[in-house]
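A.B. asks: I'll drop the sequence and a predicted model, then ask my questions.
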Amino acid sequence: MTPLEQAINDRNLAEVVSIYAEAAETNRSEEEAGFLLTQAYIYALEAGDDRAGTLRWKLIGMGRERP
C-alpha cells in the first residue's frame, strides 16, 4: 500500500493534504500539478486544515480558482 493509500485508509486527512501538496510542488507538468494541488485543497477543506487558504491562493495563481 502506498503512503497515500494508507493515509486515505486511515482517514489521516492532514497527511493526505501533505502528500498531495508535496507532489504538486515537485511535479513537472503544470496540468498534473494543478490536479494534485486541487486534491490537496479539497482534502484540506474537508479536514478543516489551516493550509486550505494557502492552497487556494496557489490555485488562484495558476488560474484554476477565482478570488
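C.D. replies: Nice, thanks for sending it over.

A.B. asks: CA-only coordinates of the longest helix seen in the chain in PDB, if you can.
C.D. replies: Ranked by residue count under DSSP state H, the longest helix found in the chain is helix 30-47. This file holds the C-alpha atoms of helix 30-47, laid out as PDB (Å, rounded to 0.1, in the frame of the first residue of the first chain):
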ATOM      1  CA  GLU A  30       1.500  22.200 -14.800                       C
ATOM      2  CA  GLU A  31      -1.600  20.200 -15.600                       C
ATOM      3  CA  GLU A  32      -0.700  17.400 -13.300                       C
ATOM      4  CA  ALA A  33       0.500  19.800 -10.600                       C
ATOM      5  CA  GLY A  34      -2.900  21.600 -10.800                       C
ATOM      6  CA  PHE A  35      -4.800  18.400 -10.400                       C
ATOM      7  CA  LEU A  36      -2.700  17.400  -7.300                       C
ATOM      8  CA  LEU A  37      -3.000  20.800  -5.800                       C
ATOM      9  CA  THR A  38      -6.700  20.700  -6.300                       C
ATOM     10  CA  GLN A  39      -6.800  17.400  -4.500                       C
ATOM     11  CA  ALA A  40      -4.800  18.800  -1.600                       C
ATOM     12  CA  TYR A  41      -7.200  21.800  -1.400                       C
ATOM     13  CA  ILE A  42     -10.300  19.600  -1.400                       C
ATOM     14  CA  TYR A  43      -8.900  17.400   1.400                       C
ATOM     15  CA  ALA A  44      -7.800  20.500   3.300                       C
ATOM     16  CA  LEU A  45     -11.300  21.900   3.200                       C
ATOM     17  CA  GLU A  46     -12.800  18.500   4.300                       C
ATOM     18  CA  ALA A  47     -10.400  18.300   7.200                       C
END
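
A.B. asks: C-terminal to that helix, what's the next element?
C.D. replies: Next helix or strand after helix 30-47 toward the C-terminus (DSSP states H and E): helix 52-61.

A.B. asks: and that following helix, what's its mean pLDDT?
C.D. replies: The predicted model gives helix 52-61 an average pLDDT of 97.

A.B. asks: I'd like to know which elements it is packed against.
C.D. replies: helix 13-26, helix 30-47 (3 or more CB pairs under 8 Å, 6 or more residues apart in numbering; DSSP states H and E). Any C-beta I mention is one placed from the backbone N, CA and C, and that applies to glycine too.
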